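Visitor: Return atomic coordinates for the entry below.
(4 chains)
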Number of protein chains: 2
Amino acid sequence: MPDPERSTELLWGTRARRGLDLDTIVRTAIDLADREGLGAVSMRRVAEVLGFTTMSLYRHVPGKAELLDLMRDAVTTPPGDEQPADWRSGLEAWARAGLALYQRHPWLIESSGPRAVPGPNAVAQFERALSIVAATGLPPAQIVAVVTLVGGFVESAARQVVHTIAAERESGLTHEEFWGARDSLYEHLDRYPTLSRIYEQGGYDEPLDPFEFGLQRVLDGVATLVRDEKRDESWCVVCGDPVAVTGKGRPKEYCSRACQQKAYRKRTSAPGRDPG
Amino acid sequence: MPDPERSTELLWGTRARRGLDLDTIVRTAIDLADREGLGAVSMRRVAEVLGFTTMSLYRHVPGKAELLDLMRDAVTTPPGDEQPADWRSGLEAWARAGLALYQRHPWLIESSGPRAVPGPNAVAQFERALSIVAATGLPPAQIVAVVTLVGGFVESAARQVVHTIAAERESGLTHEEFWGARDSLYEHLDRYPTLSRIYEQGGYDEPLDPFEFGLQRVLDGVATLVRDEKRDESWCVVCGDPVAVTGKGRPKEYCSRACQQKAYRKRTSAPGRDPG
DNA sequence: ACATGAAGTATACGCCATATACTTCGGAGG
DNA sequence: CCTCCGAAGTATATGGCGTATACTTCATGT
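Guide: Residues are numbered from 1 along each chain as shown, chains lettered A, B, ... in the order given. Have a look, this model is predicted:
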């Protein structure tokens, strides 16, 4: 069948380039997600943007799930290697960097779940957090738990921000416009005394930033834990075994009379050292 | 197109219909979601279970979005009216009740967003939390922020649990089975020193319960805030104006010499009261 | 020169929400 | 008693989705 269009293409060499690779597909999908949200990322849509058919993508990627895995890994930046001054400022910076990543790529929030296989960059971020928290001297299981807590907090706070932005784009209404139009809801709220009182006292006039407020509370909570652990878990300076702490009087330094004696002998036999 | 106004009407209204009625539809949908997950809730599926055509549902509910709104409020139990001993135990119980709700109805996690119109029960729960936190004496905006923080924490912790359970059902593999089979991932983890060390020290052998651990840290953080606010925001017992706190010596009780004198006069003139 | 196999394509299936236009049927009014 | 109305329920269609299957095209290696 004669096809003048096809002939023109061939003659003038403007035919769509054959050459579609994984990297291009992933980048295109990320671009689409950044600009129009995860909902805009469909195999059809990605292929359309690239000027290929839907099924052409399946030559390079097994399915949509895997495409999302690749997108996630591609945007996750590994941590820098500056050493933080202390665990608190380190965790604070780590949390802020996490929020920033979610803000750059809001679709990350919806795309990840507890079965998402982590890539090298994600693990590097996790390693970083562990090493920061390890400086507290907390026992291993608590280090993991603290990182899980702070990580969960960041994700949770990011989810609020990101959902709000997504809803604004999809509906064309800002947060304030949307809730401002819910008159039929507010009519019912008089029945709730504390809610009404707090509203009247201006509790909603200038809401505190949930991320900054929450982060400080969570870190305060971790600080409390660090202090407590320091207080009631002390170690014998000789053998390293735990020493029971009574909380009264001068803190014990040795776990037993034997260790105390060992330290004494070492002290008195050492040259150039005042005897105790 | 989701219609929040209509949802508000349905959630808060008292109108009832006959035949295939709203209540039946909502209950059926909840049942479906409880048993097979939110993914199983489609208009087709709900109608099929009820023995009607898909479109028959639209006689009673405007669309799927509104159906979800109704499902959400239907399963949200209003708070009891027992008075908590103190804000901390009150918030703790509130948080646990929240987690339990999510565990009873895991689909709640995925169904709600920041634009979900709250029904009477959800608002009652919010009111409850506000009244508990109000007992701390924190300023209004901080009360709201604390409730937001704890609510967010509960949702975040619930999301972990619920996603894990959902993934187990969908894949037929337990959490341990799934991650146990990721050998090709673990091969790469030697490069991360802290991660390896913590693993070797048994940091993953008996993980701390993320909910219980996190909740205590968050509440510790709130407690720190309450103490701090108490310390540097004190009020004159006579006129209520703020009193500057130096942090050293006996805390001042009066904002000025005038108030101190006023209190003295009142004290000495009161009958049946020892002069100070 | 021709087989091979990868790249890209066309079509189809079974899901989804829902718009539109229909049939059915109980009950109120004439 | 009949007629008509409006609500309840139905049938069909549209345009989206992921992807299975089977095809054409075409550069390359022998």
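Visitor: What ranges does chain A have for its helices?
Guide: Along chain A, counting by DSSP state H, helices occupy A:4-12, A:22-36, A:43-50, A:64-75, A:87-104, A:107-111, A:120-134, A:140-171, A:175-180, A:183-186, A:193-200, A:210-232, A:257-269.
Visitor: got those helices as TSV, with distance to chain B and mean neighbour count columns?
Guide: Every residue, glycine included, has its C-beta placed from N, CA and C. Listed next are the helices of chain A as TSV, based on distance: least, C-beta to the nearest C-beta, whole Å; neighbours: other C-beta atoms under 10 Å in any protein chain shown:
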stretch	distance to chain B	mean neighbour count
helix A:4-12	40	10
helix A:22-36	18	17
helix A:43-50	19	17
helix A:64-75	12	17
helix A:87-104	12	17
helix A:107-111	10	20
helix A:120-134	4	20
helix A:140-171	3	20
helix A:175-180	6	13
helix A:183-186	5	14
helix A:193-200	4	16
helix A:210-232	3	18
helix A:257-269	24	12
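Visitor: which residue packs closest to whatever residue of the stretch 101-250 of chain A ends up closest to DNA strand D, ignoring adjacent ones?
Guide: Residue of the stretch 101-250 of chain A nearest DNA strand D, by C-beta to the nearest atom of the strand: A:Ser111 (12.3 Å). Spatially, and ignoring its direct neighbours in sequence, A:Ser111 is nearest to A:Leu68 (5.1 Å; C-beta to C-beta, 6 or more residues apart in numbering or on different chains).
Visitor: how near is that neighbour to DNA strand D?
Guide: Distance, A:Leu68 to DNA strand D, by C-beta to the nearest atom of the strand, to the nearest Å: 10 Å.
Visitor: pLDDT score assigned to A:Leu189?
Guide: For A:Leu189, the pLDDT comes out at 92.
Visitor: right, and it touches B:Ala122 too?
Guide: No: A:Leu189 is beyond contact range of B:Ala122, at 11.9 Å (criterion: C-beta atoms under 8 Å).
Visitor: was I right about A:Leu185 contacting B:Val117?
Guide: Yes: counting by C-beta under 8 Å, B:Val117 is a contact partner of A:Leu185 at 6.5 Å.
Visitor: coming back round to it: what sits against the residue of the stretch 101-250 of chain A closest to DNA strand D?
Guide: Shown in contact with A:Ser111 (C-beta atoms under 8 Å, 6 or more residues apart in numbering or on different chains): A:38, A:68, A:71-72.
Visitor: Check the spacing between A:Ala157 and A:Gly37 real quick.
Guide: Using C-beta to C-beta, to the nearest Å, A:Ala157 is found at 19 Å from A:Gly37.
Visitor: Can you tell me the closest non-neighbouring residue to A:Gln125?
Guide: Excluding the flanking residues, the one nearest A:Gln125 by C-beta to C-beta, 6+ apart is A:Pro79, at 5.5 Å.
Visitor: Who are the contact partners of the one you found?
Guide: For A:Pro79, the contact set (C-beta under 8 Å, 6+ apart) comprises A:94, A:97, A:124-125, A:128.
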